[in-house]
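> Predicted coordinates and the sequence they were generated for:
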Amino acid sequence: MKSTYKVCSFLTVAFFSFCIVYGAEHEKKTLTATLDNNNLDDLSPWFAQIWSEDFSGLPDGATSDIGATAWTSLRLDDRGTFQVQGGLMFYQGQNGGSNATWTSEDVDISNYSNISISYLVGDALDGEKETNDYVRGYYVLDNGSRVQFSEVTDDVPIPVVQSIDGLNGNTLRIEIDFRVSYGNETYTIDNVLVEGTSLGDTQAPSPPTLTSSGQSDTTVDLSWSGATDNIGVTSYAVFQDNVEIQNNITTTTYQVTGLAPSTSYSFKARAYDAAGNESVDSNVHTISTDAGSGGTGGSSVWTESNTTASYSGEVAIGRSTVPSGYKLAVEGHVRAREMRVDQDTWPDYVFEKNYRLPSLEEIKKHIEEKGHLPNIPSAEEIQANGLELGEMNKRLLEKIEELTLYILQQEERIKILEKHNN
């Protein structure tokens with residue numbers, strides 16, 4: 001009969017605490033999650049799991065991992081067994097003493113504060129270790145020196161959590177040393193976890209590089225290299241002679257229209273991310289439009305082809321000018337049975353797995369600082385530039401889809417609370 005013992009000290013993983021069952025043959029089972037000590041503060045959206053490894057998805061015999069949970073193992077004296085077994089990281093030495101080290105990847109913690117590290121230490125076979133046998137935990141901040149923060153020695157009759165918090169830096173590496181004296185002695189580790197308080201996205205995108213690919217007497221086609229950002233660039237704005245003429249551009253091209261022939265213009269672009277951070281301006285790109293081509297001497301500016309009349313310029317109705325960047329300007333009301341606005345993109349990206357949903361704390365901070373939702377133009381911008389139907393519908397749908405995700409998260413939390421209360 002396999003003997004087991006149960007640890008219910010509520011090891012916190014993300015927002016939940018787990019009860020873990022270990023057996024004499026290293027079997028591990030994870031039971032139902034419960035809220036830790038009825039502490040609803042644990043559900044705070046800005047306290048985040050940054051990095052974790054519980055070894056459960058790795059095959060027996062694995063000695064490293066890659067990707068988002070990369071780590072390596074090293075038998076320092078090439079003695080003993082050091083590998084994943086039964087969903088645990090398992091070390092068994094040899095007679096005469098042997099050592100090994102488990103090392104995580106360098107974890108990016110630059111966007112977090114008050115970093116904590118925790119992991120679980122157990123043993124599985126013997127119960128006869130000596131006082132000079134140990135498992136020691138170290139952290140390395142910003143590629144500096146190793147700092148020891150934990151030690152377990154001798155036998156571990158009940159698995160124990162080793163932890164530290166209050167760390168800050170840009171990168172973090174975890175190193176865990178093992179030492180046993182004889183071949184029948186073992187240690188295990190599990191649930192290596194890094195958590196921290198999110199600082200929000202404060203890093204601005206890099207500036208784009210602006211150029212043009214073609215022009216006429218009244219238009220110019222601008223294009224720019226895609227800017228980079230630690231989270232992701234969401235839109236661009238274009239400026240003509242230091243005046244913004246278009247924002248919320250989600251591509252890397254834009255055609256400026258309504259220019260005057262034989263005239264010099266200067267343009268620049270700016271990048272924005274979802275948190276509202278903006279890049280510095282791009283390079284200033286100057287062009288001169290081509291000379292005009294006719295339209296004088298009483299000749300018509302319209303061209304007829306069968307039943308279609310076309311005109312290559314701009315049309316103003318009820319006013320004398322057309323704002324830069326537009327083909328038609330109407331001072332008055334327009335009525336139509338239906339209007340279609342072509343769109344190159346649509347916010348299905350909100351439901352992609354790698355989409356970064358802003359935390360409610362970030363949304364609150366943006367509203368307090370700017371007075372409107374992220375990625376939505378302000379009242380001043382609407383008053384100055386008007387409303388673009390296609391782009392605004394896309395932005396509104398993006399907010400609706402983000403709201404749907406918040407509701408789904410809230411539903412999951414309600415279910416957990418109901419289950420806990422019952």
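Sure thing, it's come through.

> burial count for the closest residue in space to residue 273 that isn't next to it in sequence?
The shortest distance from residue 273 to any residue other than its chain neighbours is 4.7 Å, reached at residue 229 (C-beta to C-beta, 6 or more residues apart in numbering). Any C-beta I mention is one placed from the backbone N, CA and C, and that applies to glycine too. Neighbours of residue 229 under the rule other C-beta atoms under 10 Å: 20.

> what's the answer for residue 389, then?
Around residue 389 there are 10 residues (other C-beta under 10 Å).

> Contact partners for it?
Applying C-beta atoms under 8 Å, 6 or more residues apart in numbering, we find residue 389 in contact with 339, 341.

> Quick check: closest non-adjacent residue to the residue positioned nearest the centre of the chain.
Centrality entry for the chain: nearest residue to the mean C-alpha point is residue 356, 4.3 Å, by C-alpha atoms, centre = their mean. Residue nearest to residue 356 in three dimensions, not counting chain neighbours: residue 231, with 5.3 Å by C-beta to C-beta, 6+ apart.

> hang on, that neighbour in a strand?
No: using DSSP: H, G, I helix; E, B strand; the rest coil, the assignment for residue 231 is coil, not a strand.

> burial measure for it, as a count.
15.

> picking that back up, show me the contacts for the residue nearest to the centre of the chain.
Each residue near residue 356 by C-beta under 8 Å, 6+ apart is listed here: 231, 232, 274.

> hang on, the earlier thing: am I right that the residue nearest to residue 356 is in contact with residue 274?
Yes: using C-beta atoms under 8 Å, residue 231 is in contact with residue 274, at 6.5 Å.

> tell me, what's touching these two both at once?
Common neighbours of residue 231 and residue 274 (C-beta under 8 Å, 6+ apart) are 201, 356.

> Now do the strands in the stretch 101-250 of the chain.
In the stretch 101-250 of the chain, the strands defined using DSSP state E, counting those that start in this stretch lie at 107-108, 112-122, 134-141, 147-153, 160-167, 171-180, 186-198, 210-215, 220-224, 233-240, 243-249.

> Any idea which of those strands has the lowest pLDDT on average?
Among the strands of the stretch 101-250 of the chain, strand 210-215 has the lowest mean pLDDT, at a mean of 88.

> Give the other helices and strands that that strand contacts.
strand 220-224, strand 264-273, strand 285-288 (3 or more C-beta pairs under 8 Å, 6 or more residues apart in numbering; DSSP states H and E).

> Might you list the low-confidence residue ranges for the stretch 301-422 of the chain?
Applying pLDDT under 70 to the stretch 301-422 of the chain picks out residues 301-311.

> ranges for the helices of it?
360-370, 379-385, 389-421 (DSSP state H, counting those that start in this stretch).
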